[in-house]
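Peer 1: how does the following fold in three dimensions:
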Amino acid sequence: MLNITAVFFGGGIGAVLRFLTGLILVHKIRTNLPVATFLVNITGCLLIGFLYVLFTEKLEISPIVRYALIAGLCGGFTTFSTFSLEIFEMIQHNQYLTALLYIVASIVIGLLSVYLGGYFAKLL
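Peer 2: Residues are numbered from 1 along each chain as shown. Just a heads-up that it's a prediction; the model follows:
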């Protein structure tokens, strides 16, 4: 039950951080592209790669903290559903090339970010 509570609170914090990031970026970057979702997802990939390696190779940490930060915070911060909706909307507006580029860039850069996060954690 404590693990579930940890994920619940970590996810809530992650979701609020994602929401605030979106609000800030909408006012700073004026574009029709889904920059906020892209940056949040890439940052989340970097963070989850870092935390995963940190917790599996470098630190002895409580499973509760791991659940709160990896499943909760990173899971609540990143958003596959918003990513999918944005692609759906691009397709509805016949923006096929933009949708394809967004999908490829998100997956490739996301995977590279997970790798980089793990690499940075190994440097500690």
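Peer 1: surely residue 45 and residue 111 touch.
Peer 2: Yes: look at residue 45 against residue 111 with CB atoms under 8 Å: they come within range, at 7.4 Å. (C-beta placed from N, C-alpha, C; glycine too.)
Peer 1: what about the two, which has more around it?
Peer 2: Taking other CB atoms under 10 Å, residue 45 and residue 111 do not tie; residue 45 has more neighbours (23 against 12).
Peer 1: so which bits of the helix or strand where that one lies are buried?
Peer 2: Element membership of residue 45 [criterion: DSSP states H and E] is helix 35-53. Using 16 or more other CB atoms under 10 Å as the test for burial, helix 35-53 gives 36-38, 40-53.
Peer 1: check stretch 82-90 too.
Peer 2: Using 16+ other CB under 10 Å as the test for burial, stretch 82-90 gives 82-83, 86-87, 90.
Peer 1: turn these into CSV, including distance to residue 30 and pLDDT.
Peer 2: Output for these, formatted as CSV (distance: CB to CB, whole Å; pLDDT from 0 to 100):
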residue, distance to residue 30, pLDDT
82, 19, 89
83, 21, 95
86, 17, 95
87, 21, 96
90, 18, 96
